[in-house]
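S.K.: no FASTA, just this:
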């Protein structure tokens, strides 16, 4: 597979919920630019290993010491991020006495966003980091370890709408809320600050607005693919 094919494959395969949302804007030109930027300059490091450790910590699958020890082979950005995120996240769990349901840690959901060129459904993956218990209600929680939390108000509405439709309409989450947990880096300090949002804080996009965004994204993907092909 040549470099252009790799880029086209990257564009045609939507990433998980939060990263996909970062590519979506109300304006078509901004959406197209974001997709092209990901095609040409994908992130060099994935925070997925750290997010998996956060999931195991929250679900009591490993101890804090074990989580720290498992990062010994990390280097560069990943090691720096782990050294900042894990202490902040563990402190959050302990301070807030977070109780979880480990049996639900494998729950994964998908939301259709259109169709591929072969007419198969194209979907994005929506997987909570853990499911917390609040009273008698379950709270799917999504941990985001970005250095800077980069979703604007429209994108927060978009991600909240998708979580509501894909997750909070399913048993046993009906009637529950969901939470987004950001661990952004504090300004001028090598540590993270925990910030929390409830999905219920953001108004849903209407069905028409949501479909317009899917159409905007789909058209942007098709244009980016054609631009990539033209580089051959």
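M.R.: Great, that's in hand. Quick caveat: nothing in here was measured; it's all calculated off a predicted structure.

S.K.: can I assume residue 32 is in contact with residue 226?
M.R.: No. Assessed by Cβ atoms under 8 Å, residue 32 is found out of contact with residue 226, at 11.1 Å. No exception for glycine: its C-beta is placed from N, CA and C like everyone else's.

S.K.: Can you name the residues that contact residue 74?
M.R.: 49, 82 (Cβ atoms under 8 Å, 6 or more residues apart in numbering).

S.K.: Please identify the helix or strand for it.
M.R.: Under DSSP states H and E, no helix or strand contains residue 74.

S.K.: Could you measure from it over to residue 85?
M.R.: Remark: distance between residue 74 and residue 85 (Cβ to Cβ, to the nearest Å) = 11 Å.

S.K.: Settle it for me: which of residue 32 and residue 226 has more neighbours?
M.R.: Shown here are residue 32 and residue 226; by other Cβ atoms under 10 Å, residue 32 has more neighbours (21 against 10).

S.K.: any idea how far the more buried one lies from residue 133?
M.R.: Distance from residue 32 to residue 133, by Cβ to Cβ: 42 Å.

S.K.: Need the residues that contact stretch 26-41.
M.R.: With Cβ under 8 Å, 6+ apart as the criterion, stretch 26-41 contacts 7-8, 10-11, 22-25, 154, 213, 216-217, 219-221, 223-224, 227-228.

S.K.: Please apply the same query to stretch 217-232.
M.R.: With contacts defined as Cβ under 8 Å, 6+ apart, stretch 217-232 is touched by 4, 7-8, 11-12, 23-24, 28, 31-32, 35-36, 39, 113-114.

S.K.: can you check stretch 51-65 too?
M.R.: Contacts of stretch 51-65 (Cβ under 8 Å, 6+ apart): 67, 70-71, 82, 85-86, 89-90, 93, 98, 100, 102, 105, 129-130, 132, 141, 143, 145.

S.K.: which of the residues you listed count as buried?
M.R.: Buried subset of the contacts of stretch 51-65 (neighbour count, 16 or more other Cβ atoms under 10 Å): 67, 70-71, 82, 85-86, 89-90, 93, 98, 100, 105, 129-130, 132, 141, 143, 145.

S.K.: show me the contacts for the residue most central in space within the chain.
M.R.: Nearest residue to the geometric centre of the chain (Cα atoms, centre = their mean): residue 18, 2.6 Å. By Cβ under 8 Å, 6+ apart, the residues touching residue 18 are 142, 144, 151, 159.

S.K.: following the strand or helix carrying residue 180, which helix or strand comes up?
M.R.: Secondary structure from DSSP H and E places residue 180 in strand 179-185. For strand 179-185, the succeeding helix or strand toward the C-terminus, using DSSP H and E, is strand 192-198.

S.K.: For this protein, which segments count as strands?
M.R.: Taking DSSP state E, the strands of the chain run over residues 109-115, 121-126, 130-134, 137-144, 179-185, 192-198.

S.K.: In the protein, which helix is the longest?
M.R.: The longest helix of the chain (DSSP state H) is helix 207-230.

S.K.: tell me which residues in that one are buried?
M.R.: For helix 207-230, by 16+ other Cβ under 10 Å, it's 210, 213, 214, 216, 217, 218, 220, 221, 224, 225, 228.

S.K.: Dump those residues to JSON lines, plus distance to residue 175.
M.R.: Putting the buried residues of helix 207-230 into JSON lines (distance: Cβ to Cβ, whole Å) gives the following:
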{"residue": "210", "distance to residue 175": "22"}
{"residue": "213", "distance to residue 175": "26"}
{"residue": "214", "distance to residue 175": "27"}
{"residue": "216", "distance to residue 175": "32"}
{"residue": "217", "distance to residue 175": "30"}
{"residue": "218", "distance to residue 175": "33"}
{"residue": "220", "distance to residue 175": "36"}
{"residue": "221", "distance to residue 175": "35"}
{"residue": "224", "distance to residue 175": "40"}
{"residue": "225", "distance to residue 175": "41"}
{"residue": "228", "distance to residue 175": "45"}
